[in-house]
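Participant: need a 3D model of the sequence below.
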Amino acid sequence: MSGDLQSRLDAVVGETYRIERELGGGGMSRVFLAEEIELERKVVIKVLPPEMGAGVNQDRFRREVLLAAKLQHSHIVPLLTAGAAGDILYYIMPFIEGESLRAKLAREGELPVPEAVRILREVTDALSYAHDRGIVHRDIKPDNVMISSGHALVTDFGVAKAVTESTGGQSLTSMGMALGTPAYMAPEQASGDPHIDHRADLYAMGAMAFEMLTGQPPFTAASPQAMLAAQVTQAPASVSSIRAAVPHGLETVVMRCLEKRAADRWQKATEILPHLDAVLSGSGSLSPTSATVAVSSGTQAALQRSRPGRVAAMSLGGAVVVLAAVYGIVQLAGLPDWVFFGAMALLVIGLPIMLITGRHERERALTRAQTGYVATPTGLERHFTWRKVLFGGTMAFAGLGIAAGGFMALRAAGIGPFGTLVSSGALSERERIVLAEFENLTSDTTLGSTITELLRISGSTSRSPTCSPCTTLHR
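Facilitator: Numbering: from 1, shown residues only. Alright, predicted model coming up:
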């Protein structure tokens, strides 16, 4: 199959290029090393899968590639040309001496922090240049970053967009061609949003930076579908939880790139560059912003609300008010006593949860005040927010209310154990009752005494109430 494609490609480009051999590591495309005959220079010819070429508008694909070919930047591998013949769709780039970042990571695992930051800085610079010119990569990953003479160069700029635009708006995912790189796809891209923008590149760059620093991508999964689901629904672990030596400022840059919502990420690649420069110079080792961060009124209010003493006082005060309200409802509505004790138990459980939430909220507010940004909470911490805690408390008391309402309904209907005289409050737990012998008005002279005796025996075996015999009572 490889020889067949190579011979077909040679028939298309043979007058201009001499194909030497096939290279590996092309992802969804096939990569061939060739020599441009006239200029005697090495080039790389990437051929897209034939099934993709069959559904592409070839003229539009070529126009989109040539638009991306206008990018001229020291950290971008330029596109030289593109073409198509039948189902063969190809584009040509200069051959870069070196290796892909993927090969480097496979050999070395996690990279030294200065080297990772330098690579990240050069990729960010390339993205900033392209984004300013309206070109989004859409497939940033280690395979598309070349390392040559210690510098990073981004390849395949504009190719994903060219394929998408030339297929009438179909995404690569809908064509089944993006399953090779779901580990770096932004949530909106993984969910098939047709309106993705340059911020998807920043997410992918964050995932790539995460892998450079920790030796592993933010998510792992058994299948591409599970990986795409993780990108949409799961929060990544913090970089420092895997590699504690990573500077806090660098971790903050990376984790903000990985925010699920595009609006919560960095909005431009140019915003990231000063922070990476600060880390490289050493001034940003502890914080991504060495300058004083202006504290917003919202952050100040959050700090004030989350003071431990204030949280404890408000929680205790609220508990007293709630217990008083529940007690009043129990007395007025004739609810059983366990409703009051249930409310007390919920408040006892809720007090430490409120204190823990206050501590976490204060830590997040302090981080926001110091750095201007706070990462999305992960693990158990993500449950300790005021919104979730108040919602959980509301649901708990709603459950108690539903249980009390169900109890009252069953008692009123006389159904089940809740329909007894004790449950309705007509009799106390240990109250003594008098059992009179039934007057017999039937022809069976033993019926009255038999029923009376059965009730006496039944009452004597009950722990509440107790029965005392009595002389015969007549109506």
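
Participant: make it CA atoms for all contacts and neighbour counts henceforth
Facilitator: Will do.

Participant: pull out the buried positions in stretch 312-324.
Facilitator: Within stretch 312-324, the residues scored as buried using 16 or more other C-alpha atoms under 10 Å are 312, 315, 319, 323.

Participant: flag the shaky bits of this structure, pLDDT-wise.
Facilitator: Low-confidence segments of the chain (pLDDT under 70): 1-3, 25-28, 51-56, 164-180, 283-306, 367-379, 414, 416-431, 459-475.

Participant: correct me, but residue 440 touches residue 452?
Facilitator: No - look at residue 440 against residue 452 with C-alpha atoms under 8 Å: they stay out of range, at 10.4 Å.

Participant: with neighbour numbers in mind, choose between the two.
Facilitator: Using other C-alpha atoms under 10 Å, the more surrounded residue of residue 440 and residue 452 is residue 452, with 17 against 13.

Participant: the more buried one and residue 436 touch, don't they?
Facilitator: Yes - in this structure, residue 452 is within contact of residue 436 by C-alpha under 8 Å, at 7.5 Å.

Participant: which of the buried residues of stretch 312-324 fall within helices?
Facilitator: Judged by DSSP state H, those include 312, 315, 319, 323 as members of helices.

Participant: so where do the strands sit in the chain?
Facilitator: Secondary structure of the chain by DSSP state E: the strands cover 17-23, 30-36, 41-48, 81-85, 88-94, 99-100, 145-148, 151-154, 432-435, 466-469.

Participant: ok, residues contacting the fifth one?
Facilitator: Strand 88-94 is contacted by residues 9, 42-50, 53, 58, 65, 77-84 when judged by C-alpha atoms under 8 Å, 6 or more residues apart in numbering.

Participant: apply 7 Å and report the result again.
Facilitator: If you take C-alpha atoms under 7 Å, 6 or more residues apart in numbering as the criterion, strand 88-94 is touched by 42-48, 50, 53, 77-84.

Participant: just the buried ones from those residues?
Facilitator: Among the contacts of strand 88-94, the ones that count as buried by 16+ other C-alpha under 10 Å are 42-48, 53, 77-84.

Participant: count the neighbours of residue 282 for me.
Facilitator: Residue 282: 12 neighbours (other C-alpha under 10 Å).

Participant: also residue 200?
Facilitator: Neighbours of residue 200 under the rule other C-alpha under 10 Å: 25.

Participant: contact partners for the closest residue to it other than its chain neighbours?
Facilitator: Nearest residue to residue 200, sequence neighbours excluded (C-alpha to C-alpha, 6 or more residues apart in numbering): residue 186, at 5.3 Å. Contacts for residue 186 (C-alpha under 7 Å, 6+ apart) come out as 200, 203-204, 231.

Participant: the nearest residue to residue 98 once chain neighbours are set aside: what's it in contact with?
Facilitator: Sequence neighbours aside, residue 148 is the residue nearest to residue 98 in space, at 4.6 Å (criterion: C-alpha to C-alpha, 6+ apart). By C-alpha under 7 Å, 6+ apart, the contact list for residue 148 reads 97-99.

Participant: for residue 148, list each beta-bridge partner.
Facilitator: Here residue 148 sits in beta bridges with residue 151, going by DSSP bridges.

Participant: and it, how close does it get to residue 104?
Facilitator: Distance from residue 148 to residue 104, counting by C-alpha to C-alpha, to the nearest Å: 11 Å.

Participant: swap in residue 271?
Facilitator: Applying C-alpha to C-alpha, the value for residue 271 to residue 104 is 27 Å.

Participant: now residue 352
Facilitator: 48 Å.

Participant: the stretch 251-400 of the chain: helices as residue ranges?
Facilitator: Using DSSP state H, counting those that start in this stretch, the helices of the stretch 251-400 of the chain run over residues 269-281, 297-305, 308-333, 337-371, 386-413.

Participant: dump those helices to a markdown table, plus distance to residue 110.
Facilitator: What follows is the helices of the stretch 251-400 of the chain, written out as a markdown table (distance: least, C-alpha to C-alpha, whole Å):
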| stretch | distance to residue 110 |
| --- | --- |
| helix 269-281 | 17 |
| helix 297-305 | 36 |
| helix 308-333 | 40 |
| helix 337-371 | 26 |
| helix 386-413 | 36 |
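
Participant: so which residue is dead centre in this structure?
Facilitator: When C-alpha atoms, centre = their mean is applied to the chain, the residue found nearest the centroid is residue 234 (3.3 Å).

Participant: how near is that residue to residue 259?
Facilitator: 11 Å.

Participant: alpha carbons of stretch 345-354, as PDB, please.
Facilitator: Output of stretch 345-354 as PDB, limited to C-alpha atoms (Å, rounded to 0.1, in the frame of the first residue of the first chain):
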ATOM      1  CA  ALA A 345     -28.500  16.700  63.100                       C
ATOM      2  CA  LEU A 346     -28.300  18.400  59.700                       C
ATOM      3  CA  LEU A 347     -27.100  21.600  61.200                       C
ATOM      4  CA  VAL A 348     -24.500  19.800  63.300                       C
ATOM      5  CA  ILE A 349     -23.200  18.100  60.100                       C
ATOM      6  CA  GLY A 350     -23.400  21.300  58.200                       C
ATOM      7  CA  LEU A 351     -21.300  23.500  60.600                       C
ATOM      8  CA  PRO A 352     -17.900  21.900  59.900                       C
ATOM      9  CA  ILE A 353     -18.700  21.800  56.200                       C
ATOM     10  CA  MET A 354     -19.400  25.600  56.300                       C
END
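
Participant: show me which residues of that stretch are buried.
Facilitator: Of the residues in stretch 345-354, 347, 350-351, 354 count as buried by neighbour count, 16+ other C-alpha under 10 Å.

Participant: what of stretch 130-139?
Facilitator: Neighbour-count burial for stretch 130-139 flags 130-131, 135-139 (criterion: 16+ other C-alpha under 10 Å).
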